[in-house]
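A.B. asks: build me a structure from this.
(chains A and B, ligands or ions: 2)
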Amino acid sequence: MSKFDPNTAKPCLTGRGVTKVFGMGDKKTVAVDHVDFNFREGEFVSIVGESGSGKTTLSKMLLGLINVTEGEIDFMGQPRDISSGKKRKEYWKGIQAIFQDPFASYNTFYKIDAVLLDCLKMTGKGHLPMEKKVELMTEACSFVNLRFAELTNKYPFELSGGQRQRLMIARIFLLRPKILLADEPTSMIDACSRSTILDMLQKLREEINMTIIFITHDIGLAYYVSDTVYIMEHGKFVEYGPAEECILHPKAAYTQRLINDVPKIYEEWDLSTV
Amino acid sequence: MKNTLRQIFHSPKFVGGFCIFVFILAMMIIYPLINPGDPLERIGVETFSKPGIYFSMYDASTTKTSPFRLADADDKRVASKLSMEDRVAMVEWFGLAEVDVEGVSMDDTETLLKLWDENYSADKKIKMTQAKKKYFKRLNNSIQSLKAADKMEVVSKNPESGENETVTTIDKNAYVNVSDVTNTKILPLGTDNFGRDVLKELVSATRTSIGIGLIAGIVATLIGLTVGLLAGYVGGLVDDLLSLVTNLFTVIPSFILLILISYSLSQDQRGPSTVAVVIGLTSWTWTARSVRSQVISLRNRDHVNLSKLSGHSLVRIILTDILPYIASYVVMAFILQVSSGILAESQLSLLGLGPKTTVTPTLGLMMNWAMLYSAHLNGSWWAYFPVILTITLISFSLNLMNTGLDQVFNPELRD
Ligand SMILES: Nc1ncnc2c1ncn2[C@@H]1O[C@H](COP(=O)(O)OP(=O)(O)OP(=O)(O)O)[C@@H](O)[C@H]1O
Ligand SMILES: [Mg+2]
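C.D. replies: Ligands and ions are numbered 1, 2, ... in the order given. Okay, here's the model as predicted:
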């Protein structure tokens, strides 16, 4: 299914001892605790962990939205430098995100055209004539099965959750980043739209050879879509490796527990033990 | 946007407050057109003339009259002329003369006069001092003349002959239409301690006070908003610094600060706009604090993160991704700031620390004047009560609008 080859792919995002501590003194929370990782070009990585394990915190650090308390991150083989606004802007051309809540991801005061136009501007297409821009936006929308003509001049609240998340993918289509961080992009929408969105992410990855870091609490889903999985527990990676190996032959007890928690359709639920 | 406006104007509370406020504003615009001129002009020579229609006696005496025959006119006239003092004196005499006045009311002019006619005689042997005797004689004379009065002659000196000539005779049943009198003055709220038209002054004062409230509100909101946005969004050291300043200002009661600053300014420096700015400078803290906490809850939202990822600058994110979300809140805070600015000016002026007194009246200054000249002690309610009412109405209408807005913007509060 994927063209990713772990032996030849170059690293694009690596981290050593990445740590995030919130607060101080008694209120100190170590959300991410000395994690090491090596994400490679074209790889579909899943980070799996239960609620509160620090997945979102890690993704925000990777995106450069919050400071790293400790540790180093390399981007495309170079130490990452996001010390100035200009450098951050450059970094964000290479790494983008889709967030968990499609309802909170949009500024409700602006029409959705603005979101797409921003992408064009960011990729240096801001000077193009309007017809050309519309053409590009239409193309991006049709990639995610949306019709730009129907969406233009609408406000985010006039779209369904699935439509909004697809529009977010259209945004990525226009931006063509090296890395996409998807923080539970499907957890707030129904199962049917979920598989559509996952298909679109896969299609997009193949089209622009993008690394996808997919954050989820659903280990079954991770097994289904990813090349590599990282299992996160209390801010630490307890296990990582190729998806088949990790999930079919789990070493960590925590992974085993996550796998056991996945409800199987053919098993009858024993509600008395719940 | 349109929808929100419609919602706002469907909120009865907002509409109620809005109507009152618009009415006050309309008065401020329309009244000076009807009654132009300097609001601080001293028209009265005496202080505290009571509300009513005044017309020139001089002009009225030569104005065309129409005779009316009104049945109770005489009685009313005598009753009004017979002062309380006279009545008390009459009853005193009845007492001395041992006339039975059991059950006769002081206000019953008719019975009193009848009894007096029947009983009074200067020669009656009653034990009293000579002075008292004379006094009652005089009283009798004036009572008799009251009853007998028929016509009044207006006499003026002829400049050539030096003789007194009768200009006109005024008949008892001659009436003058007020609108025919050349010089009349309507004083719906009378005059104040300096003989100034209170209504005119009030309208002008309302305008100045609302202006002061607006300036104070704008200053406070601008500072509070800027500080709150920066502290909340930028965070870190900036937040620590700004929060420190905010807390400092919060710890010192703003009214004390206001008094100190006003006190250190000389009278001449204290124009209405200076006072307004000073009020604004001391009252921004709670706007800053609440804006800060709102911004902190907003800055981690995904739409802000997305905006960052789209390469937007700090200023742009604050303006487009934060400000619109707190705009309704800021409007509400502004309305409250205006209302408290107006109240703060009144309090300051009441202490004599308001704007300097010679330029324009403000609501607070009017209260101050009324108090200094003890309007509340001598019963001149018109000098202070309308002012209190106006202040109350303004702040009531602003707060009502605010509650209305609150209900529209916070659906949880809707009932
Ligand atoms: N801004 C913050 N300040 C303090 N603590 C925080 C902050 N953000 C997250 N945390 C804490 O860090 C820990 C990890 O949170 P995080 O949001 O990364 O979890 P998560 O794995 O994404 O969970 P979920 O699956 O529910 O989204 C939690 O204990 C949380 O309370
Ligand atoms: Mg999360």
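
A.B. asks: please make it C-alpha for all contacts and neighbour counts, starting now.
C.D. replies: Noted.

A.B. asks: can you give me the helices in the stretch 51-200 of chain A?
C.D. replies: Secondary structure of the stretch 51-200 of chain A (DSSP state H, counting those that start in this stretch): helices at A:55-63, A:85-94, A:112-122, A:130-143, A:148-151, A:161-175, A:191-208.

A.B. asks: ranking those by mean pLDDT, which is last?
C.D. replies: Among the helices of the stretch 51-200 of chain A, helix A:191-208 carries the lowest mean pLDDT, at a mean of 86.

A.B. asks: quick one: mean pLDDT over the helix or strand encompassing residue B:216.
C.D. replies: According to DSSP states H and E, residue B:216 maps onto helix B:198-234. For helix B:198-234, mean pLDDT rounds to 94.

A.B. asks: list the buried residues for whichever helix or strand comes after it?
C.D. replies: Note on helix B:198-234: by DSSP H and E, the next helix or strand toward the C-terminus is helix B:236-251. Buried residues in helix B:236-251, defined by neighbour count with 16 or more other CA atoms under 10 Å in any protein chain shown: B:239, B:242-243, B:246, B:249-250.

A.B. asks: hmm, back to that, what is the helix holding residue B:216 packed up against?
C.D. replies: Secondary-structure packing of helix B:198-234 (3 or more CA pairs under 8 Å, 6 or more residues apart in numbering or on different chains; DSSP states H and E): helix B:12-34, helix B:236-251, helix B:272-282, helix B:285-299, helix B:323-350, helix B:363-372, helix B:385-409.

A.B. asks: now for residue B:277, how many residues are close by?
C.D. replies: Close neighbours of residue B:277, defined as other CA atoms under 10 Å in any protein chain shown, add up to 20.

A.B. asks: quick one: the nearest residue to it once chain neighbours are set aside from residue B:343, how far?
C.D. replies: Once flanking residues are discounted, residue B:277 sits nearest to residue B:216: 5.5 Å by CA to CA, 6 or more residues apart in numbering or on different chains. Here residue B:216 is placed at a distance of 11 Å from residue B:343 (CA to CA, to the nearest Å).

A.B. asks: ok, those two, which is more surrounded?
C.D. replies: The neighbour comparison of residue B:216 against residue B:343 (other CA under 10 Å) goes to residue B:216, with 33 against 20.

A.B. asks: ok, that one touching residue B:335?
C.D. replies: No - here residue B:216 does not reach residue B:335: they are 10.8 Å apart, not a contact under CA atoms under 8 Å.

A.B. asks: low-confidence ranges, the chain, go.
C.D. replies: Just going to use chain A. Scanning chain A for pLDDT under 70 picks out A:1-3, A:263-274.

A.B. asks: hm, I was asking about chain B
C.D. replies: Using pLDDT under 70, chain B drops low at B:1, B:149, B:357, B:411-415.

A.B. asks: what's the local residue count around the residue in the stretch 151-274 of chain A positioned nearest to ligand 1?
C.D. replies: Taking CA to the nearest ligand atom, ligand 1 has its nearest neighbour within the stretch 151-274 of chain A at residue A:217, 6.3 Å off. Residues lying near residue A:217 (other CA under 10 Å) number 20.

A.B. asks: distance of residue B:67 relative to residue A:16?
C.D. replies: With the distance defined as CA to CA, residue B:67 ends up 111 Å from residue A:16.

A.B. asks: again with residue B:77
C.D. replies: Here residue B:77 is placed at a distance of 107 Å from residue A:16 (CA to CA).

A.B. asks: in contact with residue B:391, which residues?
C.D. replies: B:342-343, B:363 (CA atoms under 8 Å, 6 or more residues apart in numbering or on different chains).

A.B. asks: in JSON lines, list those along with distance to residue B:255.
C.D. replies: Putting the contacts of residue B:391 into JSON lines (distance: CA to CA, whole Å) gives the following:
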{"residue": "B:342", "distance to residue B:255": "13"}
{"residue": "B:343", "distance to residue B:255": "11"}
{"residue": "B:363", "distance to residue B:255": "18"}
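
A.B. asks: rewinding a little: between residue B:67 and residue A:16, who's got more neighbours?
C.D. replies: Neighbour count, other CA under 10 Å: between residue B:67 and residue A:16, residue A:16 has more, with 15 against 11.

A.B. asks: helix/strand/coil for the more buried one?
C.D. replies: Here residue A:16 is recorded as strand under DSSP: H, G, I helix; E, B strand; the rest coil.

A.B. asks: let me see the contact set for it.
C.D. replies: If you count contacts by CA under 8 Å, 6+ apart, residue A:16 has them with A:34-37, A:71-73.

A.B. asks: which of these ranks first by neighbour count?
C.D. replies: Among those, residue A:73 has the most neighbours (other CA under 10 Å), with 23 neighbours.

A.B. asks: could you give the bridge partners of that one?
C.D. replies: Bridge pairing for residue A:73 (DSSP bridges) gives the partners residue A:15.

A.B. asks: next, count neighbours for the residue of the stretch 301-415 of chain B found nearest chain A.
C.D. replies: The stretch 301-415 of chain B approaches chain A most closely through residue B:303 (4.2 Å), counting by CA to the nearest CA. Neighbours of residue B:303 under the rule other CA under 10 Å: 23.

A.B. asks: up against chain B, what does chain A have?
C.D. replies: Within chain A, the positions lying close to chain B (CA under 8 Å from any CA of the partner chain) are A:65, A:85, A:88-89, A:92, A:96-97, A:99, A:101, A:104-107, A:109, A:118-119, A:122.

A.B. asks: before I go, just wanted to say thanks for your time.
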